[in-house]
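Colleague: structure, please.
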Amino acid sequence: MTATTISHWIGGTRSPGGSDRHGDVFNPATGSVSATVPFATSSEVDAAVAVAAEAFLSWRDVSLSRRTEIMFRFRELLSAHKDDLAAAVTAEHGKVLSDAAGEVQRGIENVEFACGAPHLLKGSMSHQVATRVDVHSLLQPLGVVAGISPFNFPAMVPLWMFPNALVCGNTFVLKPSEKDPSASVLMAELLTEAGLPDGVFNVVHGDKEAVDALLVNPTVQAVSFVGSTPIARYIYETGTSHGKRVQALGGAKNHMVVLPDADLGMAADAAVSAAYGSAGERCMAISVVLAVGDVADPLVAAIAERARAVRIGPGTDADSEMGPLVTREHRDKVASYLPAASEAGARLVLDGREQSFDGDGFFLGVSIIDDVTTDMDCYRDEIFGPVLAVVRVPDFDAAMAVLEDNPYGNGTAIFTRDGGAARRFVDEVPVGMVGVNVPVPVPVAAYSFGGWGDSLFGDSHMYGPEGLAFYTRSKVVTSRWPDPSTSTVDLGFPQSR
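Modeller: Predicted coordinates:
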């Protein structure tokens, strides 16, 4: 997008909004302001919800085959414009183009899942449960639903939400991150091109005022959220207290357990890609390696060797493997954990502050902190940056104890050749998404995404089967029919039993 002001999208068209408040959108690679985005007032949010409510009156009656047809068209348009979406993500988030393209592709997979709605939304039927009594169930849309998405995946996370919501017959209001809002408006344009009626999908930009307006508006029936744990808790408590369904996915502190029998090269490669991909700004990033027993020294050396070779630069540079962080403030906060860890007694194997970069971009080098203990801030806090902590433990049971004590339960992984250890890990670890020799175990679209503990508020995971269930409610119909032998209507055949 080349516009200097990124508009809302309401009723099938761009809307500049009337608020006198706005935010700056930066190019993280240069540190310069690339656009501004208006912050919607609560009354503007209410107006967008009213547009969605009006559109719902007709959209809910559109046939399932027609809704699915629109999703198929949207899927083709996303594929055709994948490079445009990836460029928008890179320009405002900073991640390298290959990461951005991968994000878009994972989002497209969720659209493909939504295209299966004619099968997935089938109800059930029980014939003759009692004499001349039948029972059947059906799934119906909720009405107006809302999504509040984070900055780190401005294309993929909204695609976790609205394709399922729309194909189920709901209308949608999206509040994307104000840090990188362009991808959402671009997807709104593609939905319109795909044939989605005006008002069915809307985008409002803003900050806490816009979020609160969605949470308290009585017309909004459900809210989906992905973000940090404190905000997820707030979203869940506020939304549910106003009678809404809420799925609120929070933060993470994902551990990768490496046993002494693991393939050392595979584990080291996985740690680097999982810790520093997207500059560590993802809720499924590996931020802690639990090095078990004698594997610790060679593992840390292998990770450090690979980490030193990570090429850091603008996301648009084809040679870059890691881009900048999203804002200057966030970059500085991430960097502040490094001297604090050293003061607490940890050892800085790599210090990202020592790497210099040209220009004013929000860059930070990769960091490794060894000899971390679980009482240190660099272990307890979700840093959300290119910082990898190494906690050394003597054995498998000690590693499990660390995982059981951690309040987050989003994702984890184990690297081992031992099938018995892997099976026990999968069975016992208190985490919602588990990888075996897979460092970032994000489920494919046919499953659902969500953690345990402080990584999830509510009981509904995102996308997949649980996503469809979240955006529908079941209705059960019990019917009794007259005895056909007593019917006064000539059915044209003998009415014997």
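Colleague: where does residue 283 land in three-state SS?
Modeller: coil (DSSP: H, G, I helix; E, B strand; the rest coil).
Colleague: leaving out sequence neighbours, find the closest residue to it.
Modeller: Of all residues not flanking residue 283 in the chain, residue 252 sits nearest, at 4.7 Å (Cβ to Cβ, 6 or more residues apart in numbering). Where you see a C-beta, it was placed from the backbone N, CA and C, and this is true even at glycine.
Colleague: again with residue 319
Modeller: residue 311 (5.6 Å).
Colleague: quick one, phi psi at that neighbour?
Modeller: The phi/psi pair for residue 311 (degrees, to the nearest 10) reads phi -90, psi 120.
Colleague: so who does it touch?
Modeller: Going by Cβ atoms under 8 Å, 6 or more residues apart in numbering, residue 311 touches 319, 320, 321, 322.
Colleague: what sits against the second one?
Modeller: Translated: residue 320. By Cβ under 8 Å, 6+ apart, the neighbours of residue 320 are 96, 311, 312, 313, 314.
Colleague: phi, psi of the fourth one?
Modeller: So that's residue 313. The phi/psi pair for residue 313 (degrees, to the nearest 10) is phi -180, psi -170.
Colleague: residue 323 is in contact with that one, correct?
Modeller: Yes: counting by Cβ atoms under 8 Å, residue 313 does reach residue 323; the two are 7.2 Å apart.
Colleague: who's more crowded, the two?
Modeller: Ranked by neighbour count (other Cβ atoms under 10 Å), residue 313 and residue 323 place residue 323 first, with 28 against 19.
Colleague: contacts only, for the more buried one.
Modeller: Residue 323 touches 28-29, 90, 93-96, 99, 278-279, 312-315, 363, counting by Cβ under 8 Å, 6+ apart.
Colleague: picking up where we left off before, which one of the contacts of residue 311 sits in the busiest neighbourhood?
Modeller: residue 322 (25 neighbours).
Colleague: tell me how far that one lies from residue 309.
Modeller: 11 Å (Cβ to Cβ, to the nearest Å).
Colleague: ok, now residue 365?
Modeller: 12 Å.
Colleague: between those two, which is the more surrounded one?
Modeller: Each of residue 365 and residue 309 has its neighbours counted (other Cβ under 10 Å); residue 365 has more, 20 against 10.
Colleague: what sits against the residue lying closest to residue 23 once chain neighbours are set aside?
Modeller: Leaving aside its sequence neighbours, residue 23 sits nearest to residue 178 (Cβ to Cβ, 6+ apart; 4.6 Å). Residues near residue 178 by Cβ under 8 Å, 6+ apart: 23, 25, 37, 39, 205, 206, 207.
Colleague: tell me the one among those residues nearest to residue 234.
Modeller: Using Cβ to Cβ, the shortest approach to residue 234 within the contacts of residue 178 belongs to residue 207, at 13.4 Å.
Colleague: skip the chain neighbours and tell me the closest residue to that closest one.
Modeller: In space, residue 207 is closest to residue 39, 5.4 Å off (Cβ to Cβ, 6+ apart).
Colleague: neighbours of residue 195, how many?
Modeller: Residue 195, neighbours per other Cβ under 10 Å, totals 13.
Colleague: the one 5 residues further on now?
Modeller: The burial metric for residue 200, expressed as a neighbour count using other Cβ under 10 Å, is 26.
Colleague: ok so, going back, just confirm the residue nearest to residue 23 is within a helix.
Modeller: No: read with three-state DSSP, residue 178 is coil and lies in no helix.
Colleague: distance of it from residue 151?
Modeller: For residue 178, the distance to residue 151 - Cβ to Cβ - is 8 Å.
Colleague: got the contact list for the residue nearest in space to the middle of the chain?
Modeller: With distances taken as Cα atoms, centre = their mean, residue 157 lies nearest the centre of the chain, 3.9 Å away. Residue 157 makes contact with 149, 150, 226, according to Cβ under 8 Å, 6+ apart.
Colleague: residue 349 now?
Modeller: Residue 349 neighbours (Cβ under 8 Å, 6+ apart): 300, 304, 368, 369, 370, 390.
Colleague: tell me which element the first one is part of?
Modeller: Assigning secondary structure by DSSP states H and E places residue 300 in helix 296-308.
Colleague: what does the last one give?
Modeller: Under DSSP H and E, the secondary-structure element containing residue 390 is strand 387-393.
Colleague: one more: the fourth one?
Modeller: When elements are defined using DSSP H and E, residue 369 is found to belong to strand 367-370.
Colleague: what touches both of residue 313 and residue 323?
Modeller: Common neighbours of residue 313 and residue 323 (Cβ under 8 Å, 6+ apart) are 29, 363.
Colleague: I figured residue 357 hits residue 325, correct?
Modeller: No: using Cβ under 8 Å, residue 357 is not in contact with residue 325; the gap is 11.6 Å.
Colleague: what residue spans form the domains of the protein?
Modeller: 8-250+455-477, 254-436 (automatic domain parsing).
Colleague: coming back round to it: so which of the contacts of residue 323 sit within helices?
Modeller: 90, 93, 99 (DSSP state H).
Colleague: just confirm the residue nearest to residue 283 contacts residue 382, I think it does.
Modeller: Yes: counting by Cβ under 8 Å, residue 252 touches residue 382, with 6.4 Å between them.
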